[in-house]
Each structure stands twice: as C-alpha cells, then as structure tokens.
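> Pasting the sequence and the predicted model now:
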Amino acid sequence: GAVVSQHPSWVICKSGTSVKIECRSLDFQATTMFWYRQFPKQSLMLMATSNEGSKATYEQGVEKDKFLINHASLTLSTLTVTSAHPEDSSFYICSARPGTAQPGANVLTFGAGSRLTVL
Amino acid sequence: GEDVEQSLFLSVREGDSSVINCTYTDSSSTYLYWYKQEPGAGLQLLTYIFSNMDMKQDQRLTVLLNKKDKHLSLRIADTQTGDSAIYFCAESRERDDKIIFGKGTRLHILP
C-alpha cells in the first residue's frame, strides 16, 4: 500500500532557529500534499495544501512566511518553521494523495508525524 | 458549527462492540473516512466509504452511512486492548477538494 515517510520524528531546537521537516511519498507520486498541526487536545488543523510545482495554499490564520512549504517534486514536500518560538512546539503531520489517475486517488496517506519542541 | 463532529470520548469493555458516531455537513461529499491514531504516531487509514454506499464491512469493522442525515458510524466488533486509540472521522469536501477531520474520539478499553 501507499507509504509516506516523514522525517525527522523528533526535533528539539533553540528559539530563533529554523527547522525543516520532510515528507516523502515512497511508492506513489503525490501531486498534492497536506500539512497538519495537531494540538494537545487531539484536533487536527489543516495548515496548508502543497501542490507540486506551484505555491502552497495556506489556511486562514497560518503565516506563510513563518511556515514555508516547498513541493519541488512529485514525491517530496518540505515544511520549514522559520525563527521558531516555543509556541510553535507541536506535532506536525503531513499527508499525501496520489494524482487523480492513480489508484487510491481520493485516499490520504499520512506520515508518522514530527514532534517539534522549541526551547 | 463544525464541519465534522464526533464525541470526544468513548469507554467500552473488552470484548464488547464499540460504536463511534460522526456527523458531517457537506451533502456533496463523495468519500467519508475513518482514521486511527495511536499515541505519538501519525494517522492510519482504517476504512473509507463512497457516498453511494450504505454500509461497508471489513473484518471487525462495519461502517454505516446515512446520507440523508449526514451521519457516519464505525462499529468495532469484539473490541480488543489494541483498539485503544483516537479515531478520526473525515469527509472529502467537494467545494474545495479538501479532506476535513473531526476532532477525534478517544476510545478507552475497560478490562
């Protein structure tokens, strides 16, 4: 089945530094990837939709200059948290969806998540 | 109100059936999903149902869809300790092609 790899699983950084999280689709081409942030009380918030070769579409209230998303190839999207602060500490999860012509086109496959702690 | 709603907690005795309910708002949703999240992990797709179906069964899992009431349920038969997790209901929203999640139901298994 479809597999999405997310790296790193855990990252601790100092306030003011930037952190990059990678999301890769291992056995399918993902024209669309989504980045979510999960808060302590379970809820999953969609941050942005990343489309290969074009600019990401950010949800209302998400700072595009703070959370930089790049989807340079059909198998890789990256999320960079710039100038991280303690309030950015969270669990970030990516997901990927195959292109419409591929099997499982409407099914999201999730990465294992990345826990970011900003000191 | 929220696009997708589900209760936050459910406690079930081991061996009993668990039923997790969900309501959604977009009547044009083509797919509805159930995902499972274990502690510290990402989301795992359990099953999904196409909107023209009423029911889908897969081993211990049964999904029921009432499209008129926009109600979706997930039944887990013979609930085991390994079923302890958070279960997310999601709909594929037609108007912007996004998949929208509920807040998740934490399933707790009693011995």
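That came in fine, so what should we check first?
> which parts of chain A sit against chain B?
A:4, A:6, A:34, A:41-44, A:46, A:49, A:93, A:95, A:106-113, A:115 (Cβ under 8 Å from any Cβ of the partner chain). Glycine gets a C-beta too; all of them are placed from N, C-alpha and C.
> Please convert the buried members of those residues into PyMOL selection syntax.
The buried residues among those can be selected in PyMOL (16 or more other Cβ atoms under 10 Å in any protein chain shown) with this line:
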select buried, chain A and resi 4+6+34+42+43+44+46+49+93+95+107+108+109+110+111+112+113+115
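> Next step: the residues of chain A next to chain B restricted to strands.
A:V4, A:Q6, A:F34, A:L44, A:L46, A:T49, A:I93, A:S95, A:T109, A:F110, A:R115 (DSSP state E).
> Look at the fifth one and report its pLDDT.
Looking back up the chat, that one is A:L46. What the model reports as pLDDT for A:L46 is 90.
> How about the contacts made by it?
The neighbours of A:L46, taking Cβ atoms under 8 Å, 6 or more residues apart in numbering or on different chains as the test, are A:F34, A:W35, A:Y36, A:E59, B:K98, B:I100, B:F101.
> Next one: it from B:A90, what distance?
11 Å (Cβ to Cβ, to the nearest Å).
> what does the first one give?
According to Cβ to Cβ, A:V4 and B:A90 sit 16 Å apart.
> Give me the buried subset of the contacts of A:L46.
Here, 16+ other Cβ under 10 Å leaves A:F34, A:W35, A:Y36, B:K98, B:I100, B:F101 buried among those.
> Quick one: low-confidence residue ranges for chain B.
B:1-2 (pLDDT under 70).
> can you list the residues of it near chain A?
Near chain A, when you scan chain B using Cβ under 8 Å from any Cβ, you find B:8, B:30-31, B:33, B:35, B:40-45, B:48, B:86, B:88, B:90, B:92, B:98-101, B:103-104, B:106.
> Buried among those residues? Make that a PyMOL selection.
Here is the PyMOL command that picks out the buried ones among the residues of chain B next to chain A, judged by 16+ other Cβ under 10 Å:
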select buried, chain B and resi 31+33+35+41+42+43+45+48+86+88+90+92+98+99+100+101+103+104+106
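> what are the ranges of the strands in chain B?
In chain B, the strands defined using DSSP E lie at B:4-6, B:9-13, B:18-24, B:31-37, B:43-50, B:55-58, B:61-66, B:71-76, B:85-93, B:98-101, B:105-110.
> before we move on, the earlier item: looking at the buried ones among the contacts of A:L46, spot the one nearest B:D58.
B:F101 (20.5 Å; Cβ to Cβ).
> where does the closest residue to B:Y24 other than its chain neighbours sit relative to chain A, distance-wise?
Closest residue to B:Y24 apart from its sequence neighbours, by Cβ to Cβ, 6 or more residues apart in numbering or on different chains: B:E91 at 4.4 Å. Distance check for B:E91 against chain A: by Cβ to the nearest Cβ, to the nearest Å, it reads 11 Å.
> B:E91 is in contact with B:V4, isn't it?
Yes. Contact criterion Cβ atoms under 8 Å: B:E91 and B:V4 qualify, at 5.8 Å.
> Return the distance of the nearest residue to B:T81 once chain neighbours are set aside relative to A:I93.
Leaving out its chain neighbours, the residue that sits closest to B:T81 by Cβ to Cβ, 6+ apart is B:I109, at 5.2 Å. Look at B:I109 and A:I93: by Cβ to Cβ, they are 24 Å apart.
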